[in-house]
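K.L.:
Starting from these lines, generate the structure:
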Amino acid sequence: MKKAILGTTALVAVGALAAAPASASEKIALGVGGYMQSTYFYQSSDEPAGTPDRTSDRVTQEGEIFFTGSTTLDNGLKFGVNVQLEAYEATDQVDETYIYVQGSFGRVLLGSEDSAAYLMHYTSPSPVPMYSADSANIYPTGQGNTTRPNMFSDSDKITYFTPRFAGFQLGASYIPDGSSQTGTGESQYAAPSYDSGTDRGWSVAANYVNKFGSVDVAASAAYQQADTTVVVTAPVYAFNPGTGGSTLVTAAVTGDGDDYEEYAFGVSIGVAGFTVGGGYGVDKNISGVSDNDSKAWSAGVKYGMGPWAVGVQYSKTTFEPAAGGDTDQTTWLVGGQYTLGPGITAFGGWQYDDNDLAASSATRMAGDTSTFFVGTALSF
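P.N.:
Coordinates of the predicted model:
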């Protein structure tokens, strides 16, 4: 699951090391960390006529438990491990799970984790935990916008990050199989999967982080691409013994689709308690279908003073299918948070979702909906 823990960037997940480094003669000792977020929300919606009645309010939670540890050898190389357990039943009950080695050369990560393009991306700041107009932990109407390049999600991969030099850092990932992820039923005893969906891919990214006087600046750019295999329906003629002729039937066959591509750009600027940022992402040939594209962007501002923080955030996604007209979906988020103590944050606010859908479904609300929420976020 894509996370935005307490409004921080996804780079937190890259650097999370709960256990203190041990001496070279000691084994890695695991530490325990994680987060838990709970919220109550009430909705006022304007769904299309004929939509069945819904429950207008809900309590929902999201969280993970991290098992992390590291050790440093006499030669300075640092080895570590990170296993993340979902706090609820999910298709990937064990979420990210990887090992890494780090030294003066940079950092190499091997396992199930987001790509370099995803982890190094900057975007607009969310005013509250859990909710966000860009890559949220909760979608109260089933609608979510994101500028993060996430076609590979947590599929197993090899990722390398360079050391940061003069504010700049580069990252790259190689993904043998974009559909293969540890913890989702893939067996380590089985042969590699047949080509299907998102296949071999790669990801490259760069970001810049620096401070100029009292101004903090961060910017990012990324690109990733994957081969795809698509299933098509082809005509097949079979002999019909009853008529002595041929009968037209259809068969599902696989073939190479167009390359699935993603671009992403982002910026964040902080000064005098204000954080202003935005993100932009493009998906091209989604699932290998030519000209099946989407574009997303977000912008926001957040102001923090002591334990308080308030802000507003906006995002919009335009879907451009290969056939049919374009459709839009937008999200507004206004909220605030208050830090009650170390790792304990109370929050609340309002989210407005709107889209061009003609009809709702059991998991997705059409039209416009206002969601009013309060919640608590814990990190440990």
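
K.L.:
which parts of the helix or strand harbouring residue 298 are buried?
P.N.:
Using DSSP states H and E, residue 298 falls within strand 293-305. Under the neighbour-count criterion of 16 or more other Cβ atoms under 10 Å, strand 293-305 has 293-304 buried. C-beta here means a position set from N, CA and C on the backbone, and glycine is covered the same way.

K.L.:
after it, next one along is what?
P.N.:
strand 308-320.

K.L.:
now that following strand against strand 293-305, angle please.
P.N.:
Relative orientation of strand 308-320 and strand 293-305, computed by axes from the mean of the first three to the mean of the last three Cα atoms, to 10 degrees: 170 degrees.

K.L.:
Give me the contacts around strand 308-320.
P.N.:
7, 124-127, 132-134, 145-147, 275, 291-304, 326-338 (Cβ atoms under 8 Å, 6 or more residues apart in numbering).

K.L.:
can you give me the strands for the stretch 101-250 of the chain?
P.N.:
Counting by DSSP state E, counting those that start in this stretch, one finds strands in the stretch 101-250 of the chain at the ranges 106-112, 156-161, 168-175, 197-212, 215-240, 245-256.

K.L.:
For residue 349, which of those strands is the nearest?
P.N.:
For the strands of the stretch 101-250 of the chain, the distance to residue 349 is smallest for strand 215-240, at 24.3 Å, taking Cβ to Cβ.

K.L.:
Let me see the mean pLDDT of that closest one.
P.N.:
Across strand 215-240, the average pLDDT comes to 79.

K.L.:
start the count at 45, not 1, going forward
P.N.:
Got it, first residue is 45 now, which makes that one strand 259-284.

K.L.:
ok, now which ones touch the closest residue in space to residue 253 that isn't next to it in sequence?
P.N.:
The shortest distance from residue 253 to any non-neighbouring residue, by Cβ to Cβ, 6 or more residues apart in numbering, is to residue 262 (4.8 Å). Contacts for residue 262 (Cβ under 8 Å, 6+ apart) come out as 53, 166, 251-253, 311-313.

K.L.:
quick one: which of those is most hemmed in?
P.N.:
Compared across the contacts of residue 262, residue 166 has the highest neighbour count, 27 neighbours, by other Cβ atoms under 10 Å.

K.L.:
any idea which helix or strand carries the nearest residue to that residue once chain neighbours are set aside?
P.N.:
Using Cβ to Cβ, 6+ apart and skipping residues adjacent in sequence, the residue nearest residue 166 is residue 310, 3.8 Å away. Secondary structure assigned from DSSP H and E places residue 310 in strand 304-315.

K.L.:
Would you mind identifying the next helix or strand past that strand?
P.N.:
Moving toward the C-terminus from strand 304-315, the next helix or strand (DSSP H and E) is strand 318-328.

K.L.:
Which residues does that next one contact?
P.N.:
Contacts for strand 318-328 (Cβ under 8 Å, 6+ apart): 165-169, 178, 190-193, 195, 304-314, 337-348, 355.

K.L.:
same thing with stretch 417-424?
P.N.:
Contacts of stretch 417-424 (Cβ under 8 Å, 6+ apart): 49-50, 76-86, 172-175, 184, 379, 381, 387-395.

K.L.:
Buried ones only from the residues you listed, please, as a ChimeraX command.
P.N.:
Those of those that count as buried under 16+ other Cβ under 10 Å are selected in ChimeraX with:
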select :49,50,77,78,79,81,83,85,172,173,174,175,184,379,381,389,390,391,392,393,395
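
K.L.:
In strands, which of the contacts of stretch 417-424 appear?
P.N.:
76-86, 379, 381, 388-395 (DSSP state E).
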